[in-house]
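A.B. asks: 3D model of this:
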Amino acid sequence: MATAGPDRRLTLLATDPMARIDAPHLAAQMGWAVVSIEEADGVLTIIVETPAAPTD
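C.D. replies: Model prediction:
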């Protein structure tokens, strides 16, 4: 995750229910945005987006 480039969407999969809380906190610390959190069959699918590259 740390090497993701600018303006990327990453899909995180988790079976730990606490990921619903932890992933948004991690995203905020990284300067990312949570796009969506969905749950199906006990698996959370969390979509996060990295910020766009700065323009000079």
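A.B. asks: list the helices and strands the helix or strand hosting Ser36 packs on?
C.D. replies: In this assignment (DSSP states H and E), Ser36 forms part of strand 33-40. Counting contacts by 3 or more C-beta pairs under 8 Å, 6 or more residues apart in numbering; DSSP states H and E, the secondary-structure elements packed against strand 33-40 are helix 19-30, strand 43-49. Glycine gets a C-beta too; all of them are placed from N, C-alpha and C.
A.B. asks: Highest mean neighbour count out of these?
C.D. replies: Taking mean count of other C-beta atoms under 10 Å as the contact definition, the stretch among the helices and strands packed on strand 33-40 with the greatest mean neighbour count is strand 43-49, which reaches a mean of 17.
A.B. asks: Okay, now the sheet partners of that strand, with direction.
C.D. replies: Sheet pairing here is set by DSSP bridges, and for strand 43-49 it gives strand 9-14 (antiparallel), strand 33-40 (antiparallel).
A.B. asks: how about CSV for those strands, with mean pLDDT, distance to Arg20 and mean neighbour count added?
C.D. replies: What follows is the strands paired with strand 43-49, written out as CSV (pLDDT from 0 to 100; distance: least, C-beta to C-beta, whole Å; neighbours: other C-beta atoms under 10 Å):
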stretch, mean pLDDT, distance to Arg20, mean neighbour count
strand 9-14, 94, 8, 13
strand 33-40, 96, 6, 12
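A.B. asks: Understood, closing this out.
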